[in-house]
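Engineer: my questions are about this predicted structure, shown below with the sequence.
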Amino acid sequence: MALDRALGHVLAEPLAALTDLPPFDTSAMDGWAVAGPGPWTYDEGAGLLAGGQDARLPDGTAVRIATGARTPADTTAVIRSEHAHADAARRLLSTRRPVVTGQDIRPRGQECRTGDQLVPAGTVVTPAVLGLAAAAGYDALPAVPRPRVDVLVLGDELLASGLPHDGLIRDALGPMLAPWLRALGAEVSAPRRLGDDAEALRTALAFSDADVIITTGGTASGPVDHVHPVLAALGAELLVHGVAVRPGHPMLLARLSPDGPHVVGLPGNPLAAVSGLLTLAEPLLAGLAGRPAQDAYRALVHADVPGHPHDTRLVPVVHRAGRAGGRDQVAPLRYNGPAMLRGIAAADGLAVVPAGGVRSGTEVEILDLPWAPATPWTEGCFT
Ligand SMILES: Nc1nc2c(c(=O)[nH]1)N[C@H]1C(S)=C(S)[C@@H](COP(=O)(O)OP(=O)(O)OC[C@H]3O[C@@H](n4cnc5c(N)ncnc54)[C@H](O)[C@@H]3O)O[C@H]1N2
Ligand code: MOO
């Protein structure tokens, strides 16, 4: 993948240096290259510049040198211009400071030798990795293609624009999922609204060429909840059939065929869909993209948080300023009902609250949101 397209992708192989860095002995400062003990004679002139030809430096002589220029083979040291005294009349250079052999010279291979591993496979290509790759001689990178995702939004009650009316509501998931999935490293097609039409769902699933198909709504057992019956009719293998978590317990993961696409069925309640997005879709996409799983992040909750009697709860939280005993703190947000997005819209993450709840000061796991500060950088969070 060409360097200018590789941003945000994952390296399929370790990045091995294609050159020594620096590739030649280099002056680290603007000043003078000197050979042997001083004082040194010199010729007036532009001297050695970055990108210039190789030069020779006889013993007892000096030459002006710029930062980044190759130091001639016999250079003993570089003397910074501010530490050098050049007597123009006598063409004689001297310094009052002791001269240490090798000073202000970056020796060839100081950062790496050809073949050294610079970063491992699985690294996300950040702007810094792009810079390093270019410095190390790369024009293209071995990158894992982004997983392609289709989003199918189910529900006859959904409007694409305007105000809710006559029992109809706005589709909150179509606008949310595409950019969120892109922030998780996926290539996402425009969400398709299919209504509550089992045949349209069957066709869309059967003819998708995506790696992952995400459906929203229709996971429960209502009269128009078609996801389970359609998956069964297509002979899909159900890998996760509900999760003991609130909101989001009807979420599902299936595979249409042994080498076919995965299907993530997100519940229709919007916060329940977020729950499935972070706990089923995100790890699946990370695995498909060759990205390592995120390290668990833990913080102290700054309030009692009630729990579900037997299921885990996911509760939107914000980071709190200041730390307690050197540990991060989070505060739970209101408006955390399964049908609400008001809490998550203000949140930095979701706290994983075990059955029965937690008391203030308890450490809990946090599922970060892709745009929260603790998250590794990914391309195009909102584009
Ligand atoms: N008898 C039971 N009924 C329900 C259960 C249950 O265990 N037994 N679970 C409830 C829970 S919890 C959830 S979550 C939902 C899951 O339902 P579905 O996945 O089938 O989703 P729908 O019925 O289609 O919709 C539920 C709810 O969400 C609204 N919705 C759907 N899509 C969108 C969207 N794109 N944007 C905004 N809102 C959306 C929809 O209008 C409904 O209000 O089932 C419960 N029922
Ligand atoms: O689990 Mo439902 O997903 O609570 O809204």
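Structural biologist: In hand now; what should we look at? Ligands and ions are numbered 1, 2, ... in the order given.

Engineer: just the buried positions in stretch 226-243, please.
Structural biologist: 226-228, 230-231, 234, 236, 243 (16 or more other C-beta atoms under 10 Å). (C-beta placed from N, C-alpha, C; glycine too.)

Engineer: I'd like the mean pLDDT over that stretch, please.
Structural biologist: Across stretch 226-243, pLDDT averages out at 97.

Engineer: ends of it, what's the gap?
Structural biologist: Counting by C-alpha to C-alpha, to the nearest Å, you get 19 Å between the two ends of stretch 226-243.

Engineer: any idea which of the buried residues of stretch 226-243 is closest to ligand 1?
Structural biologist: Val227 (7.3 Å; C-beta to the nearest ligand atom).

Engineer: where do the strands sit along the stretch 151-300 of the chain?
Structural biologist: Applying DSSP state E, counting those that start in this stretch to the stretch 151-300 of the chain gives strands spanning 158-159, 169-170, 187-188, 192-195, 212-216, 237-241, 245-246, 252-255, 262-266, 297-301.

Engineer: with respect to Val78, which of these lies nearest?
Structural biologist: Val78 lies closest to strand 297-301 among the strands of the stretch 151-300 of the chain, at 45.9 Å (C-beta to C-beta).

Engineer: I'd like the buried residues of stretch 226-243 as CSV, with distance to Ala299 appended.
Structural biologist: As requested, the buried residues of stretch 226-243 are exported to CSV (distance: C-beta to C-beta, whole Å):
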residue, distance to Ala299
His226, 40
Val227, 34
His228, 36
Val230, 40
Leu231, 37
Leu234, 42
Ala236, 38
Val243, 22
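
Engineer: and those, which two are furthest apart?
Structural biologist: That would be Leu234 and Val243, which, of the buried residues of stretch 226-243, are the farthest apart (C-beta to C-beta) at 21.9 Å.

Engineer: now that Asp225 has come up, it's in contact with Thr216, right?
Structural biologist: No. Contact criterion C-beta atoms under 8 Å: Asp225 and Thr216 do not qualify, at 11.9 Å.

Engineer: hang on, the earlier thing: sort out for me which of the buried residues of stretch 226-243 are in helices.
Structural biologist: Per DSSP state H, helices hold the following members of these: 227-228, 230-231.

Engineer: pull the contacting residues for the nearest residue to Gly265 once chain neighbours are set aside.
Structural biologist: Once flanking residues are discounted, Gly265 sits nearest to Leu252: 4.0 Å by C-beta to C-beta, 6 or more residues apart in numbering. Counting by C-beta atoms under 8 Å, 6 or more residues apart in numbering, Leu252 touches 219, 227-228, 231, 238, 240-242, 263-265.
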